[in-house]
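Visitor: Sharing a model prediction with you, sequence too.
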Amino acid sequence: MIDILSATLRLSCPILFAALGGLLCEASGISALCLEGVLLLSAFVSASVAYWTQDIFLSLLSGMISGGFLMSLHAFLTQKAKAHSIVSGMALNLLVAGLTPFLCKIFFGNTTNTPSLSLQNRMMDGSIFSHHPLVVLSLFLPWILHFIFFQTRFGLHLRSAGEGPQALETSGVGLFKVRLLALFWGGIITSLGGIYLSLGHSSQFLRDMSAGRGFIALAAIILGGWKPLPTLLAALLFGFTEALQINLQNISLAGYSLPFQLTQCLPYLITLGILALSVRRNQSPKALT
């Protein structure tokens, strides 16, 4: 049981970072469908920079900048170019899904992965509570965001942008500025999940290594009712289902092992079931498009 709980913390980490970053985006009134692309891009950039520079801090910084840039591009497309946020988000996901193997081919000679990192250039487990530093950060971050959301002026402006953008502009606060800041910081937070995937959970970037975690993060936001602390619980729940399906692959019933395809579907089936039961009770920001 302890092993499952420990695995839950590790597996929920990228989902939780993506969910918290997406929460900033959606609380401002813009759909965060580009989370999958942000995870992939930051994972690729951080792994590549770590391989080239042999500097873990530069790889962290570059990964966060790439995530902030992609989310800022999403803000520009939706607010200035007047693209629908769903169309913009899916376009950015497709762009990154094609761009990362293309860049891998140019820089590393293959379309599937970057070279493996040496141990000193990986972000290894073994910090506080025997977990990765980013795992520990992911558990504290929702409490910080809860304070920002409900105890700061920026949090008030952020929630106003999602609930009543006209009233926000009437008060003299620029709507685009609030949304751009929300998406930029949301991209930085989401990128921590991609950095963890390539530098912590793995030792390299692998093609499509986000594996739908960005979309599961969206489900966590919805299940959490667009609030930081319930979103934390929802992300941990989805991490638990992923840890559970890994353990179920080693279990046999009456001498027969469960098909691994069935156990791999478990997190997604549970996600669909929970959302079907909870979506009516949760109210999204009124201006969310």
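Guide: It's in.

Visitor: Run a quick neighbour tally on Lys286.
Guide: Counted with other Cβ atoms under 10 Å, the neighbours of Lys286 add up to 10. C-beta: built from backbone N, CA, C; applies to glycine.

Visitor: so which strand or helix has Ala234?
Guide: When elements are assigned from DSSP states H and E, Ala234 belongs to helix 228-248.

Visitor: which secondary element of this structure has the worst mean pLDDT?
Guide: When the helices and strands of the chain are scored by mean pLDDT, DSSP states H and E, strand 252-253 comes last with a mean of 60.

Visitor: circling back: for the helix holding Ala234, which helices and strands make contact with it?
Guide: helix 2-27, helix 133-151, helix 213-223, helix 260-278 (3 or more Cβ pairs under 8 Å, 6 or more residues apart in numbering; DSSP states H and E).

Visitor: Val178: which of those helices is closest?
Guide: The closest approach between Val178 and any of the helices and strands packed on helix 228-248, judged by Cβ to Cβ, belongs to helix 2-27 at 10.2 Å.

Visitor: For the closest one, buried residues please.
Guide: Buried positions in helix 2-27, judged by neighbour count with 16 or more other Cβ atoms under 10 Å: 6-27.

Visitor: Go ahead and produce PDB holding the CA coordinates of stretch 17-31.
Guide: Taking Å, rounded to 0.1, in the frame of the first residue of the first chain, the C-alpha atoms of stretch 17-31 are listed here in PDB:
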ATOM      1  CA  PHE A  17       1.400  21.000 -12.400                       C
ATOM      2  CA  ALA A  18      -0.600  20.900 -15.700                       C
ATOM      3  CA  ALA A  19      -3.900  21.200 -13.800                       C
ATOM      4  CA  LEU A  20      -2.700  24.200 -11.700                       C
ATOM      5  CA  GLY A  21      -1.300  26.000 -14.800                       C
ATOM      6  CA  GLY A  22      -4.500  25.300 -16.700                       C
ATOM      7  CA  LEU A  23      -6.500  26.600 -13.700                       C
ATOM      8  CA  LEU A  24      -4.800  30.000 -14.000                       C
ATOM      9  CA  CYS A  25      -5.600  30.000 -17.700                       C
ATOM     10  CA  GLU A  26      -9.300  28.900 -17.300                       C
ATOM     11  CA  ALA A  27      -9.900  31.100 -14.300                       C
ATOM     12  CA  SER A  28      -9.100  34.100 -16.500                       C
ATOM     13  CA  GLY A  29     -11.700  33.000 -19.100                       C
ATOM     14  CA  ILE A  30      -9.600  31.100 -21.700                       C
ATOM     15  CA  SER A  31      -9.800  27.400 -22.300                       C
END
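
Visitor: what's next to stretch 216-224, contact-wise?
Guide: 15-16, 18-19, 22-23, 26, 32-33, 35, 190, 193, 230-235, 237-238, 267-268, 271, 274-275, 278-279, 282, 284 (Cβ atoms under 8 Å, 6 or more residues apart in numbering).

Visitor: again, only using 7 Å
Guide: The contact list for stretch 216-224, computed with Cβ atoms under 7 Å, 6 or more residues apart in numbering, reads 15, 18-19, 22-23, 26, 32, 35, 230-231, 233-235, 238, 271, 274-275, 278-279, 282.

Visitor: Quick check: which of the helices and strands packed on helix 228-248 is nearest to Thr100?
Guide: When those are compared (using Cβ to Cβ), the closest one is helix 213-223, at 13.8 Å.

Visitor: what's the angle between that closest one and helix 260-278?
Guide: Here helix 213-223 runs at an angle of 30 degrees relative to helix 260-278 (axes from the mean of the first three to the mean of the last three Cα atoms, to 10 degrees).

Visitor: quick one: low-confidence parts of the stretch 1-150 of the chain?
Guide: The model of the stretch 1-150 of the chain has pLDDT under 70 over residues 1-2, 119-131.

Visitor: 50 instead?
Guide: For the stretch 1-150 of the chain, applying pLDDT under 50 flags the ranges 120, 126-129.

Visitor: Write a PyMOL command that selects only the buried members of the contacts of stretch 216-224.
Guide: Only the buried members of the contacts of stretch 216-224 enter the following PyMOL selection, criterion being 16+ other Cβ under 10 Å:
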select buried, resi 15+18+19+22+23+26+32+35+230+231+234+235+238+271+274+275
